[in-house]
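Undergrad: Quick one: sequence and predicted model below, then my questions.
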Amino acid sequence: MANIMTMTSTGVTFEKQINGYDKTQVDRYIDSIAQAYQIVYEEFISVCYENNDLLKKNDELTEQMKNTPNADAIARALISAELLAHEIIDDAKTEAEAMRARAQAELTVEINNIISKLMSLGLNNEPLLPANPSP
């Protein structure tokens, strides 16, 4: 008589034989569990190695931080230097624009003075240079 036993916790079924369950089915099931276990075990070992590597790297970085006592101060100084550099550049641009504007204003005044002198001499309609200079 062949009865079927169902193991509900795993969803596996084995046929019952005279002296117990079907040996071939049980062996196949154990083989599949062993293969799955081997895969999980290899992944676990890989993760353990990776975890150890990360722990070592963390220790190295922590030690480096300890050996750099002014790391926070250095970082703050670098940020301050960067902000100061931007401020200096902005001030230089503003000063350059102001210098350009002053130079333009001075040039305009000088040109107006020259035009006024020429007009007072009566040369306002005369060309300053000959149209075709002779060689």
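TA: Perfect, I can see it now.

Undergrad: Please make it C-alpha for all contacts and neighbour counts, starting now.
TA: Noted.

Undergrad: Listing request: residues of this structure with sub-threshold pLDDT.
TA: For the chain, the stretches with pLDDT under 70 are 1-11, 14, 123-135.

Undergrad: For it, which segments are assigned as helices?
TA: Per DSSP state H, the chain carries helices over the ranges 23-67, 71-120.

Undergrad: Could you check the angle the longest one makes with helix 23-67?
TA: For helix 71-120 against helix 23-67, the angle between stretch directions is 60 degrees (axes from the mean of the first three to the mean of the last three CA atoms, to 10 degrees).

Undergrad: CA atoms only: put stretch 38-53 into PDB for me.
TA: Provided in PDB are the C-alpha atoms of stretch 38-53 (Å, rounded to 0.1, in the frame of the first residue of the first chain):
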ATOM      1  CA  GLN A  38      26.300  25.100   0.000                       C
ATOM      2  CA  ILE A  39      25.200  28.200  -2.000                       C
ATOM      3  CA  VAL A  40      24.100  29.900   1.200                       C
ATOM      4  CA  TYR A  41      27.300  28.900   3.000                       C
ATOM      5  CA  GLU A  42      29.500  30.200   0.200                       C
ATOM      6  CA  GLU A  43      27.600  33.500   0.100                       C
ATOM      7  CA  PHE A  44      27.900  33.700   3.900                       C
ATOM      8  CA  ILE A  45      31.700  33.200   3.700                       C
ATOM      9  CA  SER A  46      32.000  35.800   1.000                       C
ATOM     10  CA  VAL A  47      30.000  38.300   3.100                       C
ATOM     11  CA  CYS A  48      32.200  37.500   6.100                       C
ATOM     12  CA  TYR A  49      35.400  38.200   4.200                       C
ATOM     13  CA  GLU A  50      33.900  41.400   2.800                       C
ATOM     14  CA  ASN A  51      32.800  42.500   6.300                       C
ATOM     15  CA  ASN A  52      36.300  41.800   7.600                       C
ATOM     16  CA  ASP A  53      37.800  43.900   4.900                       C
END
